[in-house]
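>>> got a sequence here, can you model it:
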Amino acid sequence: MVKPITRPSTWSSRGPLLAIAVAAVALGGTAGPAVDGWSPEEIKTLRSLWIGSLGPLPHDPTNRVADDPTAASLGSLLFNDTGFSANGRVSCASCHQPQNGFTDHRPIGKGIGVGKRRTMPIPAAIYSPWQFWDGRADSLWAQATGPTENPVEHGSTRTEIARRMQTRYADWYRRVFGPFPAVLSQPYPERASPVGNAAERAAWASMPAAQQDAVNEVFANFGKAVAAFERTLRLPKTRFDNYVAALVSGASTQALMNPDERAGLRLFIGKGQCTRCHNGPLLTNNHFANTGVPPRPGLADDVGRSDGITLALANAFNCRGRFNDKPGQGCDELDFAILKGPELQRAFKVPSLRGVADRAPYMHQGQFGSLERVVQHYSTAPAAISGKSEIHPLNLSREEQRQLVAFLRTLSAPPAKASR
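Model prediction:
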């Protein structure tokens, strides 16, 4: 019997992103009187940010098992299995903790070692064409393979991943992907990878091409199963969503947001210019931006997207690679990506703001410990140390900064009601 997927009970079952323009058309025009102090045009903007604007989960043609429940159940097991790490103590869930919004509250992610960036949450990333802070993977399943071979995350190799799939998950694998590659019944190196250290690369080079290809196939399928599980995760409705739902339905909104939170929302869509990047129902445009965030002392220089796009193009598991289940499909983002230019320098992924108050610290290296510090940064807009920052001083007063932070806290789910 297939083991059911388990997920936190607080996660809702809403679907994902519609294009903002489509949502705006579907949600109506600007005619009509003001409601609760909002003009018809402002209400249209609020609706575009509402989780009710999310539609069906976008199809992933590159992963034929993306929406297969059995694949998702297998992916749930893989996501939580510490046996895919070099020390047997690190799983995907070690950093992407369900109880913490699938982050870990660390400034810098920690696996078997310490990385160089903060752990990103998963549920909003399900809808993004680019993964990681620098976009070095162009699909959810390609992303899932990366940490396993990262020496400071799982510290494993793809031959070890393939062997564990073969010895522990063979029956699951057959149900989802078909027979295990016969060539892997023959001996192959314990630790081997084309992207590992010198010994691991040498071990990989010693393998027959047929075995290398089979290991890569199993490795890709590992990622596809994990992605199938991740696609079952849903973003919870927030206090902001409940407010907009009441607003558009004509129900009372008085108890849903206080005056400071409403003032902060007005700043968010107006003077604060937040919706330039944090727009749509996921509160992100899924692009990359240099916002002048200073580097974290003690870490190696990190130039973000300018390196990330190079890595994405070189990734054997990208959309153009042979493991795309629908060759030639689903590659628009990669085909039309900006490959070079000053706008890529120190540009990092624009994160979703859903649940933002629950996952301090902030920015790609946890540089800011509070939302107050984040808002202060955007208000003053210091120059970037290299490249060009895309933000300009907002000169928000202390009162306005406080109100904007108050609104950002409404982007979390309401507290659970105590059971009697």
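>>> only C-alpha atoms from now on, for both contacts and neighbour counts.
Fine.
>>> residues near the spatially closest residue to Ala210 that is not a sequence neighbour, how many?
Among residues not flanking Ala210 along the chain, Val183 sits closest, at 7.1 Å (C-alpha to C-alpha, 6 or more residues apart in numbering). As a burial measure, Val183 scores 15 neighbours (other C-alpha atoms under 10 Å).
>>> just Ile112 next, same as before
Ile112, neighbours per other C-alpha under 10 Å, totals 17.
>>> ok, it - contacts?
86-87, 89-90, 151-155 (C-alpha atoms under 8 Å, 6 or more residues apart in numbering).
>>> how far does stretch 79-99 sit from the chain's center?
From the chain centre to the centre of stretch 79-99 is a distance of 17 Å (C-alpha atoms, centre = their mean, to the nearest Å).
>>> next, the distance between the ends of it.
Using C-alpha to C-alpha, to the nearest Å, the end-to-end distance of stretch 79-99 comes to 15 Å.
>>> flag every buried residue along it.
For stretch 79-99, the neighbour count (16 or more other C-alpha atoms under 10 Å) marks 79-86, 90-98 as buried.
>>> now do stretch 62-74
Quick answer for stretch 62-74 (16+ other C-alpha under 10 Å): 62-67, 69-74.
>>> tell me which of the residues you listed fall in helices.
Per DSSP state H, helices hold the following members of the buried residues of stretch 62-74: 69-74.
>>> now, which of the residues you listed sits nearest Ile385?
Nearest to Ile385 among those is Ala72, at 43.0 Å by C-alpha to C-alpha.
>>> now that closest one: closest residue in space that isn't a chain neighbour?
Phe229 (3.9 Å).
>>> so what's the residue count around the one you found?
Neighbours of Phe229 (other C-alpha under 10 Å): 26.
>>> residue boundaries of the strands in the protein?
288-289, 348-349 (DSSP state E).
>>> of all the ones you listed, which one is nearest Val375?
strand 288-289 (16.2 Å).
>>> any weak-confidence spans in the chain?
1-34, 417-420 (pLDDT under 70).
>>> contacting residues for Glu261?
403-404, 406-407, 410.
>>> quick check: the farthest pair among the contacts of Ile112?
Longest span within the contacts of Ile112, C-alpha to C-alpha: Arg89 and Pro151, 13.9 Å.
>>> for Thr145, give its distance to Ala220.
In terms of C-alpha to C-alpha, Thr145 sits 7 Å off from Ala220.
>>> now for these two: what residues contact both?
In contact with both Thr145 and Ala220: no residue, using C-alpha under 8 Å, 6+ apart.
>>> and Cys274, what does it touch?
Phe268.
>>> give me the domain ranges for this protein.
20-53+237-281+283-300+346-411, 69-230 (automatic domain parsing).
>>> of these, which is nearest Glu333?
domain 69-230 (6.8 Å).
>>> endpoint to endpoint, that closest one covers what distance?
11 Å.
>>> now stretch 282-292
First residue to last in stretch 282-292 (C-alpha to C-alpha) measures 23 Å.
>>> list of residues touching that stretch?
Contact partners of stretch 282-292, identified using C-alpha under 8 Å, 6+ apart, comprise 17, 49, 51, 124, 128-130, 134, 275, 277-279, 305, 343-354, 381-385, 387-391.
>>> please apply the same query to stretch 346-358.
With C-alpha under 8 Å, 6+ apart, stretch 346-358 has contacts from 100-101, 124, 132-135, 235, 238, 277-278, 282-291, 302-306, 364, 371, 386-387, 408-409, 411-413.
>>> mind putting the domains of the chain into CSV with distance to Asp335?
Formatted as CSV, the domains of the chain follow (distance: least, C-alpha to C-alpha, whole Å):
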stretch, distance to Asp335
domain 20-53+237-281+283-300+346-411, 15
domain 69-230, 11
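>>> what about the ones you listed, which gets the closest to Gly321?
domain 69-230 (10.6 Å).
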